[in-house]
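Chemist: no FASTA, just this:
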């Protein structure tokens, strides 16, 4: 915890004085995370803004669509939120693997094959199936630029539907393909930590800003924060 | 049933050597005693808890784990029906069985149980369980090979395997690195190791809250919690 805070502060001072100081050894971002091996704190203005947006909501619900993290859950619960988690990317990949397995074992092989769109439909029968207007905040971390093209818009529809009016989504987008897969956890109000994790899925594509806005087309407002680590934090409000 | 044989109360009969047959039997008994004694007792433990329920399979299933030693004692007890005390008497009275109540019962890997499990002792699940698990004062540990399709209600819950169901712990829930839970968690404290998976809600309660075993307590808890929880 201390280490993370220190590195967060270090990153903050770095960004305040960009060119004068030397690069932090364990600087924020995926590339340096691979060097650091595990822990990697980074200042997150997107998180700060996200929390500010939902801070007025009493006993609001927050959905974390990444790997479950003790730190994140503690942080949110301490602030009075109710927390749900669903590791969407991992569930999707596992679902695809299971389907592949099923097809391999199916007596008529290709006849049993379903289109990607059908797979998405079936997957969404049991995933992201929350009632309308349930969550005041959704944390998407490394998700949208890892999802298949068919699933992305459908997942976005669901997310939009489950958000309460005024609800916020915080998502990460990489400006270049990351070297490693990461999972994230909240350390404090404006610090998140990126931890190297076993690769669940290959980075699908790099989105341009215009494309990101299109993905979140239904949302009311947006803010984007670009980090020194080439990760863009996008905050969208319903 | 096994308890009777292991209770070994009638010490005085120790002085009754019942012929050569018994001498051959007794060593078996004493051999079995150190290992089997503990196993049978905790099996009995496991069976007594759910015995009230129709899950008779439970008893037979958990007995299956120590089946080898149990089989050796069963015929002995049957044979010596008129004088069942003789073989038991040889067991040096390490009958501090009360301690056994503290030992966790185990549903071993490869076993599958359907039904409701209730009781007060601790329980380790390495096999498969479907139904309900209610050990309101105990600790439930789902081992890495354990698979539970049931709601678990306990004082403390540790998950290293897979659980599909809601977890309610008055003290704490811990998800190990290999733990996978699909369901809601309601607890006073939660610990999540890196790598664990959770699909569901996490809600916190005050330590000890949620133990509302009697309607009166439940009502009291409800009235108290209204001040804290709005929903």
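Modeler: Happy to help now that I have it. Computed from a predicted structure; not experimentally measured.
Chemist: report the central residue of chain A.
Modeler: Nearest to the mean C-alpha position of chain A, counting by C-alpha atoms, centre = their mean, stands residue A:141 at 1.4 Å.
Chemist: per-residue pLDDT of that one, please?
Modeler: Looking at residue A:141, its pLDDT stands at 90.
Chemist: do the same with residue A:197
Modeler: Residue-level pLDDT assigned to residue A:197 equals 86.
Chemist: the residue nearest to the centre of chain A contacts residue A:69, doesn't it?
Modeler: No: Residue A:141 is beyond contact range of residue A:69, at 9.9 Å (criterion: C-beta atoms under 8 Å). (Glycine included, C-beta is placed from N, CA and C.)
Chemist: need the residues touching each of those two.
Modeler: A:183, A:184 (C-beta atoms under 8 Å, 6 or more residues apart in numbering or on different chains).
Chemist: which helix of chain A spans the most residues?
Modeler: helix A:88-105 (DSSP state H).
Chemist: quick one: name the residues of chain A near chain B.
Modeler: A:58-59, A:61, A:67-70, A:73, A:77, A:82-87, A:90-91, A:195 (C-beta under 8 Å from any C-beta of the partner chain).
Chemist: swap the cut-off to 6 Å and go again
Modeler: Within chain A, the positions adjacent to chain B are A:68, A:70, A:73, A:77, A:82, A:83, A:84, A:85, A:86, A:87 by C-beta under 6 Å from any C-beta of the partner chain.
Chemist: okay, and which of those map to helices?
Modeler: Counting by DSSP H, the part of the residues of chain A next to chain B found in helices is A:70, A:73, A:77.
Chemist: ranking these by neighbours, who comes first?
Modeler: Using other C-beta atoms under 10 Å in any protein chain shown as the neighbour criterion, residue A:73 leads those with 24 neighbours.
Chemist: before we move on, the earlier item: Serialize the residues of chain A next to chain B to CSV and add fields for pLDDT.
Modeler: What follows is these, written out as CSV (pLDDT from 0 to 100):
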residue, pLDDT
A:68, 91
A:70, 91
A:73, 93
A:77, 92
A:82, 92
A:83, 94
A:84, 94
A:85, 94
A:86, 94
A:87, 93
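Chemist: now restrict those to buried residues only.
Modeler: Among the residues of chain A next to chain B, those that count as buried by neighbour count (16 or more other C-beta atoms under 10 Å in any protein chain shown) are A:68, A:70, A:73, A:77, A:82, A:83, A:84, A:85, A:86, A:87.
Chemist: would you confirm that the residue nearest to the centre of chain A contacts residue A:66?
Modeler: Yes: using C-beta atoms under 6 Å, residue A:141 is in contact with residue A:66, at 4.0 Å.
Chemist: can you list residues touching both of those two?
Modeler: residue A:184 (C-beta atoms under 6 Å, 6 or more residues apart in numbering or on different chains).
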